[in-house]
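*Asks:* Mind looking at a prediction? Sequence and model below.
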Amino acid sequence: MNWGAKLVLGMAVFMSFIIGMVVYMFKNHSNDALVEEDYYEKGINYDKEYDAKSNTLNDGATPEIKQSQSQLIIQLKDAADYQLTLMRPSAKEKDVKSSGKTIGDENLIIIEAGSLDKGFWSLKLEWRSNGRDYLFTKDITI
């Protein structure tokens with residue numbers, strides 16, 4: 001085999017590699033945890049999110065988060081209806097969503113942490129209390 005044939009064969013192998021990578025990337029795009037399905041809608045509604053974060057800071061309503069080996073306990077200032085999302089950046093399918101009302105006079109939200117993987121989680125808590133919307137986000141390690 002002369003050098004011209006080797007050059008053509010090398011180019012064909014390289015082009016096959018590039019085409020394979022493109023197909024792989026497009027195939028895995030749907031599993032990407034960094035891409036939001038409703039990206040533009042979230043952009044339009046950003047003012048509501050900003051106001052909710054401002055309410056949390058201005059009203060001194062930042063939740064208190066405690067961890068034990070089996071539970072994640074979040075205490076709010078007042079009784080509220082909440083939506084909690086625990087997002088695992090490394091695996092979108094492991095995300096945990098919970099909603100409901102706070103428990104007891106201490107206004108607690110209790111999440112069983114025993115079934116959660118150890119490591120980095122992103123916590124997003126939205127709640128409505130006394131006619132106002134609140135939003136709190138924090139990165140935690142379980």
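*Replies:* Right, received. Where do you want to start? Numbering: from 1, shown residues only.
*Asks:* quick one: Thr102 from Ser115, how far?
*Replies:* Computed as CB to CB, to the nearest Å, the Thr102 to Ser115 distance reads 22 Å. C-beta: built from backbone N, CA, C; applies to glycine.
*Asks:* So Gln83 belongs to a strand, correct?
*Replies:* Yes. Under DSSP: H, G, I helix; E, B strand; the rest coil, Gln83 sits within a strand.
*Asks:* Would you mind measuring from it to Ile65?
*Replies:* Relative to Ile65, and taking CB to CB, Gln83 is found at 16 Å.
*Asks:* swap in Glu49?
*Replies:* According to CB to CB, Glu49 and Ile65 sit 20 Å apart.
*Asks:* So for Thr102 and Ser115, which sits in the more crowded spot?
*Replies:* Neighbour count, other CB atoms under 10 Å: between Thr102 and Ser115, Thr102 has more, with 21 against 9.
*Asks:* what's the helix or strand hosting Gly100 packed up against?
*Replies:* In the assignment (DSSP states H and E), Gly100 maps to strand 96-101. Taking 3 or more CB pairs under 8 Å, 6 or more residues apart in numbering; DSSP states H and E as contact, the helices and strands that strand 96-101 lies on are strand 81-87, strand 108-112.
*Asks:* who touches the first one?
*Replies:* The contact list for strand 81-87, computed with CB atoms under 8 Å, 6 or more residues apart in numbering, reads 33, 74, 76, 95-102, 109, 111, 116, 121-129.
*Asks:* Please apply the same query to the shortest one.
*Replies:* Around strand 108-112, the neighbours that count as contacts under CB under 8 Å, 6+ apart are 63, 70-76, 82, 84, 86, 96, 98, 100, 102-103, 125.
*Asks:* Out of these, which end up buried?
*Replies:* Pro63, Leu72, Ile73, Ile74, Gln75, Leu76, Tyr82, Leu84, Leu86, Val96, Thr102, Leu125 (16 or more other CB atoms under 10 Å).
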